[in-house]
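Trainee: Let's see this in three dimensions:
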Amino acid sequence: MKKIFIFITILLISFFTAFSARYVGSKKCKMCHNSAKHGKAYDILYKTKHSNAFKGLVEDGKETDPVCVECHSTGFNEGGYKIGAPETYKFEGVQCEECHGPGSKYTKISIMKNKKLAIKNGLRIPDKKRCLKCHDREKYPWAKEFIYKDRLKKIDHTY
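Mentor: Numbering: from 1, shown residues only. The predicted structure follows:
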């Protein structure tokens, strides 16, 4: 009975892993979202403090502190950045997928051309609630004051 339970558990984990969205990295987004047609959204976002958030942790010696890494990386322990895993360096900093969700299921051009289909396939449209995951002074008293509409202007990369 125990072997059957273990087998079913492994099967279920494999099933959900195979069908769940994965983080692909911002270079995949850059292919389209850095064109003039798309307002150079990638370049605009990568000039913000978000993209360099991890560098600040390194400077402060906190790059292994999970409380800090959670907000200064992309997809922390969700298939994106993982402390001590060198292959996840591409998820250092707050990148596209931290706000828009893991991209493996929506980054195909045929899906991205249809916003409803992209959303159906995991594209998140960020909102204040998403921002407050990290910009929450009650949870993180050291966080700077967060006024959503003012901060949104600093990261605006709409086109």
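
Trainee: per-residue confidence at the residue most central in space within the chain?
Mentor: Computing the C-alpha centroid of the chain and ranking residues by C-alpha atoms, centre = their mean puts residue 98 first, at 1.7 Å. Note on residue 98: pLDDT of 95.

Trainee: Which secondary structure element is home to it?
Mentor: Taking DSSP states H and E as the criterion, residue 98 maps to helix 96-100.

Trainee: who touches that helix?
Mentor: Outside helix 96-100, the residues that touch it by C-beta atoms under 8 Å, 6 or more residues apart in numbering are 23-26, 29, 33, 42, 45, 50, 73-75, 80, 91, 103, 123-126, 130. C-beta coordinates here come from the backbone N, C-alpha and C atoms, glycine included.

Trainee: Narrow those to those in helices?
Mentor: The helices, defined by DSSP state H, take in 26, 29, 33, 42, 45, 130 from these.

Trainee: quick one on the thing from earlier: just the C-alphas of the helix holding residue 98, formatted as PDB.
Mentor: C-alpha atoms of helix 96-100 as PDB (Å, rounded to 0.1, in the frame of the first residue of the first chain):
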ATOM      1  CA  CYS A  96       9.300  40.900 -16.200                       C
ATOM      2  CA  GLU A  97       8.100  37.600 -14.800                       C
ATOM      3  CA  GLU A  98       8.000  38.700 -11.200                       C
ATOM      4  CA  CYS A  99       5.100  41.000 -12.100                       C
ATOM      5  CA  HIS A 100       3.700  39.300 -15.200                       C
END
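
Trainee: any idea how far that helix is from the chain center?
Mentor: Using C-alpha atoms, centre = their mean, to the nearest Å, the mean C-alpha position of helix 96-100 is found 4 Å from that of the whole chain.

Trainee: pull the CA atoms of the following helix or strand past it into PDB?
Mentor: Going down the chain from helix 96-100, the next helix or strand is helix 109-112, by DSSP H and E. Output of helix 109-112 as PDB, limited to C-alpha atoms (Å, rounded to 0.1, in the frame of the first residue of the first chain):
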ATOM      1  CA  ILE A 109       4.000  35.100 -30.400                       C
ATOM      2  CA  SER A 110       0.700  33.500 -31.500                       C
ATOM      3  CA  ILE A 111      -0.500  33.700 -27.800                       C
ATOM      4  CA  MET A 112       0.900  37.100 -27.000                       C
END
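
Trainee: Cheers, nothing more for now.
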